[in-house]
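**Student:** With the input below, show me the fold.
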Amino acid sequence: MSGLDRTRTAPILAPSLLSSDFSRLGEELEALQSAGLEWVHWDVMDGMFVPNITLGPPIIKKLRKRSNLFFDVHLMIEQPERYLEAFADAGSDMLVVHAEASIHLERTVSEIKRLGMKAGVALNPHTPLDHVHYLLPELDMVLIMSVNPGFGGQSFIPFTLDKVRELAREVTRRGLSTLIQMDGGVSVNNAEELIAAGADVLVSGSDFFGHPPYPERYQTFRRAMDKGAGLAV
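**Tutor:** Numbers count the residues shown, from 1 in each chain. Modelled structure (predicted):
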């Protein structure tokens, strides 16, 4: 479970399997690991919180055996607290739930951690940061959605950058280690700007999987992200 320290020198890329070839998910996971990736992002949708339906714990559990990647599982589902134990049993390393989907958010976060997983909270583009203000010390990550959830391939919403900057200032001011993730419309073209704004983890779907081979695409992202972090030579 690498990459959970906000003080680490390099930002993290988490390719979203939503844009991968679903007919060969096992091979896709192996290819990501061979390309040098550390994380992979699972988009779980229930057809209620968002219009689409994707996958659930049984698929993650089957594929856990084929990968040592950090499984970053994003639950775009209503009442996620109903399924926390199932996703823990499936081998999820981190569960990210939506603030908009869980009435008792603190209880849900505490249960995720009790089950041995890292805990994150996602905010839709129009959801203000004060929804996680009091929970920040308990969170391993906050996911700022930079598109409205539910579909891949959407365009980045520019004002979400302001949310990242504001959140990064707050995390730094309070001396916390909470990671900041951005998901939606992330590409090689904006990766540098997103990291420079304060993001630690970027989720990219179509702009990653749509440009094989993966080792070369990862290095292209890596150069942009490192430049944004001030690490580029």
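**Student:** Alpha carbons of stretch 223-233, as PDB, please.
**Tutor:** Extracted in PDB, the C-alpha atoms of stretch 223-233 (Å, rounded to 0.1, in the frame of the first residue of the first chain):
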ATOM      1  CA  ARG A 223       7.300  14.100 -16.800                       C
ATOM      2  CA  ALA A 224       4.300  16.500 -16.700                       C
ATOM      3  CA  MET A 225       3.500  15.600 -13.100                       C
ATOM      4  CA  ASP A 226       7.000  15.900 -11.900                       C
ATOM      5  CA  LYS A 227       7.300  19.300 -13.500                       C
ATOM      6  CA  GLY A 228       4.200  20.400 -11.700                       C
ATOM      7  CA  ALA A 229       5.700  19.200  -8.400                       C
ATOM      8  CA  GLY A 230       8.900  21.100  -9.100                       C
ATOM      9  CA  LEU A 231      10.800  17.800  -9.600                       C
ATOM     10  CA  ALA A 232      11.700  18.100 -13.300                       C
ATOM     11  CA  VAL A 233      15.300  18.400 -14.200                       C
END
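**Student:** Measure how far that stretch is from the centre of its chain, please.
**Tutor:** Remark: stretch 223-233 is offset 20 Å from the chain centroid, using CA atoms, centre = their mean, to the nearest Å.
**Student:** How far away from the center of its chain is stretch 159-176?
**Tutor:** How far stretch 159-176 lies from its chain's middle: 17 Å, per CA atoms, centre = their mean.
**Student:** Report the buried residues of that stretch.
**Tutor:** Neighbour counts over stretch 159-176 (16 or more other CB atoms under 10 Å) mark 160-161, 163-164, 167-168, 170-171 as buried. C-beta: built from backbone N, CA, C; applies to glycine.
**Student:** ditto for stretch 143-163
**Tutor:** Applying 16+ other CB under 10 Å to stretch 143-163 flags 143-147, 149, 156-157, 160-161, 163 as buried.
**Student:** And stretch 220-227, by the same measure?
**Tutor:** The neighbour-count check on stretch 220-227 (16+ other CB under 10 Å) flags 221-227 as buried.
**Student:** same question, stretch 180-198
**Tutor:** Quick answer for stretch 180-198 (16+ other CB under 10 Å): 180-188, 190-192, 194-198.
**Student:** quick one: low-confidence parts of this structure?
**Tutor:** Judged by pLDDT under 70, the chain has its weakly predicted residues at 1-9, 151-153, 232-233.
**Student:** Now residue 139. Nearest residue, chain neighbours left out?
**Tutor:** Excluding the flanking residues, the one nearest residue 139 by CB to CB, 6 or more residues apart in numbering is residue 178, at 5.1 Å.
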